[in-house]
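Enquirer: Give the three-dimensional model of this entry:
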Amino acid sequence: MERRAHYLRQVRMTVSAQTKSEVERSPDRWTTRDLEHYPVEEGKRYEIIEGELLVTTQPHWHHQGTSDAIALELNLWIRQGGNGQVRSAPGVLFDDENAVAPDVVWVSGERLPHVLGDDGKLHESPDLVAEVLSPGARNERRDREAKLRLYSQRGVREYWIADWREKRLEVYRRENAVLRLAVTLYADDDLTSPLLPGFNVKVASLFPK
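Expert: Residues are numbered from 1 along each chain as shown. Predicted coordinates:
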């Protein structure tokens, strides 16, 4: 029994050392294949943008509430005669060095069969992406810069950045093949979109109290 316990301790130490070694040898440019061998932790989100690994922790309660509210309003619009499908935090694999999980996406019914892969992930851009800002300068740079650039390059037609602390929504729309800030909305404003005929909600409804 003592010999078996010693053997198991040795195995655990070996596995631990191997895992630590793999982390220390982190690649200069990450790919989705690297993540298959990475010791991921439950409750964290792992994304790759331009070969850089971005890890975020479980979001704030109000972050999740805002994300849920955006998805709810889009689904209500669909049920009332809109089209397409909405998903929260789906896998979006543009290529091996660009794989993200946006807070909310909407894909039109026309495009969905062409962008959804057999693996259950999107392999081309959603029509609409919404990201909810997380506290911290690094998190804000990720959504305002890295993801804005990625979504712009990959053909996203509209990008919403929601700030639940300021009750503010920035709307970026495609203009001359680039996503540009079209309007900044506050709680008392109405949110509409040329992508979503008939969609009209108060921005305040996206930020549950």
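
Enquirer: Which residues are in contact with the nearest residue to Arg29 once chain neighbours are set aside?
Expert: For Arg29, ignoring the flanking residues on the chain, the nearest one in space by Cβ to Cβ, 6 or more residues apart in numbering is Gly51 at 3.2 Å. Backbone N, C-alpha and C define where each C-beta goes, glycine included. Going by Cβ atoms under 8 Å, 6 or more residues apart in numbering, Gly51 touches Asp28, Arg29, Trp30, Thr31, Glu97.

Enquirer: again, only using 10 Å
Expert: Counting by Cβ atoms under 10 Å, 6 or more residues apart in numbering, Gly51 touches Pro27, Asp28, Arg29, Trp30, Thr31, Asp34, Asp96, Glu97, Asn98.

Enquirer: got a pLDDT number for the fifth one?
Expert: Right, the one you point to is Thr31. Per-residue confidence (pLDDT) for Thr31: 96.

Enquirer: count of residues packed around the closest residue to it other than its chain neighbours?
Expert: Distance criterion Cβ to Cβ, 6+ apart; nearest residue to Thr31, sequence neighbours excluded, is Asp96 at 4.2 Å. For Asp96, the count of nearby residues is 14 (other Cβ atoms under 10 Å).

Enquirer: Need the phi and psi values for Asp96.
Expert: phi -60, psi -30 (degrees, to the nearest 10).

Enquirer: Provide the partner residues of the residue nearest to Leu128 when sequence neighbours are not counted in its beta bridges.
Expert: Using Cβ to Cβ, 6+ apart and skipping residues adjacent in sequence, the residue nearest Leu128 is Trp106, 4.1 Å away. Counting by DSSP bridges, Trp106 forms beta bridges with Val86, Leu128.
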